[in-house]
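Participant: have a look; sequence and predicted model below, questions after that.
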Amino acid sequence: MKAHASTLLRAALPLLRAAALAAAALPLASCQFFFPTPIDQARDTAEPAQVVRSVGVGFLEGERFDAAIKLDDLKIATGTFEVLGRCVADGKPVFDVRTRVASTGILTVFQSGKSETRGLVDVDGSSPVESHWDVLIGERRTVLDADFEEGSFRYHQTRYLPDEDKPKQSRRKVVAPIEQVPHDGHSVLGYLRSWEPPDGTRGFVYSLMGRNLWKADLHFVGREPLGTAKGLVVSRRIDGVARRVSERNFEPLKASAPRPFTLWISDDEARLPLRILLETELAKVTVELEQHRAGEAQSTPLEPCEYRVEKKELAKAQPYKKAAGEDPSAASAEENAELEKEREELKLKFLRDKGLLR
């Protein structure tokens, strides 16, 4: 059976590749997988020792970005990021932001998908307050709520699987080894738009993408011209490498490959995220800005936010309890094993759904 399944997996590799790319494109375009890759990145093996520090407002009210997600020149998904307005959450002014993305073109033959994420981002510090995910890939739906504070976050995830009678739920409070608020995909975009240190500066950020925690080591390369559909644009280039890390000891998970990235932001008042390059284990994917609607700074009185995540379930989230004498490497090994098992189950399920395995 194992040999037969292995043969089928190799034969179905093109299908698996397309399906995986469709799945990866959804959180990427949602700004929830904001870690791309350069063609000729200037690499440095040393990890930065300081947290990225950014000052300034990351967004403007009414601002909107429309992007195309491409595999080489093939458009595989579209995405929209929009600032719906400002409101007050927990006594602080926040931006109410939303992203929507859907697979398109030939990938829908193999694996359809769509997602919507909603978030509240602190106006003054571009740090996240709350985040909500709703992602549908094929028949698998994942819904996640999260909230954030200095040095920690909580999440509640519900997964609806077609072969399961009851949804699978998980809750966790994660205490990060930093004093700052960990990011999510919405806030890290606004944060990096306002990051303008001296050329060569390095730093890192922790960011929650879905229910997975990532650490991104960043390098502010400096200014360079970037070829776009509208001609050459002077841009700020940021290189880096993102690694999925353990929620228990924050060590990189060996089962998840490091993902180098490059982001180009226009070097003008608009600070447009012009292009992102993402390298997965399967291929390079480009996220290209197609249209931008400018926003405006508003001074109208703010009302309490109408859209909030469900706090009742988040209150049940508990941090990991380290057992006496626990080996940190054993905790990482357990998370690596869980990740490998989940990937193998997804591969076999895809083959069964396509009638290639019984």
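Facilitator: Right, received. Where do you want to start? Residues are numbered from 1 along each chain as shown.

Participant: so the spatially closest residue to residue 196 that is not a sequence neighbour is in which element?
Facilitator: The shortest distance from residue 196 to any non-neighbouring residue, by C-beta to C-beta, 6 or more residues apart in numbering, is to residue 236 (7.0 Å). Where you see a C-beta, it was placed from the backbone N, CA and C, and this is true even at glycine. Using DSSP states H and E, residue 236 sits within strand 231-244.

Participant: please state the offset of that strand from the chain centre?
Facilitator: 16 Å (C-alpha atoms, centre = their mean, to the nearest Å).

Participant: try stretch 289-297
Facilitator: 21 Å.

Participant: quick one on the thing from earlier: mind giving me the packing neighbours of the strand holding residue 236?
Facilitator: strand 212-228, strand 259-266 (3 or more C-beta pairs under 8 Å, 6 or more residues apart in numbering; DSSP states H and E).

Participant: need the winner for burial among the ones you listed.
Facilitator: strand 259-266 (a mean of 22; mean count of other C-beta atoms under 10 Å).

Participant: after that one, next one along is what?
Facilitator: strand 273-279.

Participant: and that next one with strand 231-244, angle?
Facilitator: Going by axes from the mean of the first three to the mean of the last three C-alpha atoms, to 10 degrees, strand 273-279 is angled at 40 degrees with respect to strand 231-244.

Participant: still on that earlier bit, dump the helices and strands packed on strand 231-244 to JSON lines, plus mean pLDDT and distance to residue 120.
Facilitator: JSON lines is the format used below for the helices and strands packed on strand 231-244 (pLDDT from 0 to 100; distance: least, C-beta to C-beta, whole Å):
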{"stretch": "strand 212-228", "mean pLDDT": "94", "distance to residue 120": "20"}
{"stretch": "strand 259-266", "mean pLDDT": "92", "distance to residue 120": "23"}
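
Participant: Serialize the ones you listed to JSON lines and add fields for distance to residue 172.
Facilitator: Shown next, in JSON lines, are the helices and strands packed on strand 231-244 (distance: least, C-beta to C-beta, whole Å):
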{"stretch": "strand 212-228", "distance to residue 172": "10"}
{"stretch": "strand 259-266", "distance to residue 172": "23"}
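
Participant: quick one: closest of those strands to residue 253.
Facilitator: Checking the helices and strands packed on strand 231-244 against residue 253 by C-beta to C-beta gives strand 212-228 as the closest, at 9.1 Å.
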